[in-house]
Structure formats: C-alpha cells, structure tokens
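Engineer: quick check, what structure comes out for this input:
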Amino acid sequence: MSNISVATLLTDGARVVADSRRLCDGRRRIHDEARLVLQTYRPHRLRIIRGASADDEQQRRLELLRRFAAYPAVKMFVGPSPGRACGVCGRPIQPKETEYDIEAGAANVTVDAGCYRIFIDEIATTPRPSASI
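Structural biologist: Numbering: from 1, shown residues only. Presented below is the predicted three-dimensional model:
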C-alpha cells in the first residue's frame, strides 16, 4: 500500500462526493429548466389552423399560467411598464401602468394586472414540487 494516509483518502472522498452532488443538482436544475422551456414554447411551433372561441383563448391563457405556476422556483418582479404587451392575453400595457414579470427558470413572461391576478389564483391552487430536488 502506498504512503497515503487514511485522513487524506477520507478528505479526497468527501470532496469527490460533494462535487458529484453539486453536478447532479446542476443537471437536475438544467433538466427542469429545459423541460419548462419545451412545455412553454413547443405548442407554438406548428399551430393548427382552426376557428377559436373566447373559451379556447381563455383555456390557452390559463394553461400558460399553470405551466409557470407549477415550476418550483418562480420569481416575480413588478414595476411600471415601458409600453409592452401582455405575454398572455396580448393586451397592450400602457406606459407607466403596472406590469408583472414572471420568471420560471429560463422562461419569462410579462403580464398585465388581470392576468397577474389569474396567475396568483393558479399558483395558490397548483401543486408545486420542492425547489431543492
């Protein structure tokens, strides 16, 4: 056996285990963010041409907000709008009117006050996995 001490082996082993856990956590985070991006943007690639009703549009809006609400680590920012449109309903948000930015991993959506209220209702009722998986 070589001249390596038990303490050195234990220290090296603990470092390797810590590095492995860190890499696994990073892989899980990237996997979750990629899944959210795919869930958010995949349906928009090839749209089916069909007539739409107000109910269909409402369901589409709710589904988008549910996807964001289900993400374990959602960040929200609020401030005056520079004049953008709501990312959910498409309504223009007037300059200086309050806009809400919802960030879930790599995905981000800016919403108006009405869609934000719907989002808050969804986040209160949607089961969410733990942020530290």
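
Engineer: contact partners for the spatially most central residue of the chain?
Structural biologist: By C-alpha atoms, centre = their mean, the chain has its centre lying nearest to Ala104, at 2.0 Å. Applying C-beta atoms under 8 Å, 6 or more residues apart in numbering to Ala104 gives the contacts 36, 67-68, 71, 73-75. From N, CA and C alone the C-beta is placed, and that goes for glycine too.

Engineer: nearest to Ala14, of the residues you listed?
Structural biologist: Ala73 (27.9 Å; C-beta to C-beta).

Engineer: what packs against the least confident helix or strand in the chain by mean pLDDT?
Structural biologist: Least confident element among the helices and strands of the chain, by mean pLDDT, DSSP states H and E: helix 54-70 (a mean of 73). With contacts taken as 3 or more C-beta pairs under 8 Å, 6 or more residues apart in numbering; DSSP states H and E, helix 54-70 sits against helix 6-41, strand 98-104, strand 107-111, helix 113-125.

Engineer: partners of the residue nearest to the centre of the chain in the sheet?
Structural biologist: Counting by DSSP bridges, Ala104 is bridged to Val74, Ala107.

Engineer: distance of it from Ala124?
Structural biologist: From Ala104 across to Ala124, the span is 16 Å (C-beta to C-beta, to the nearest Å).
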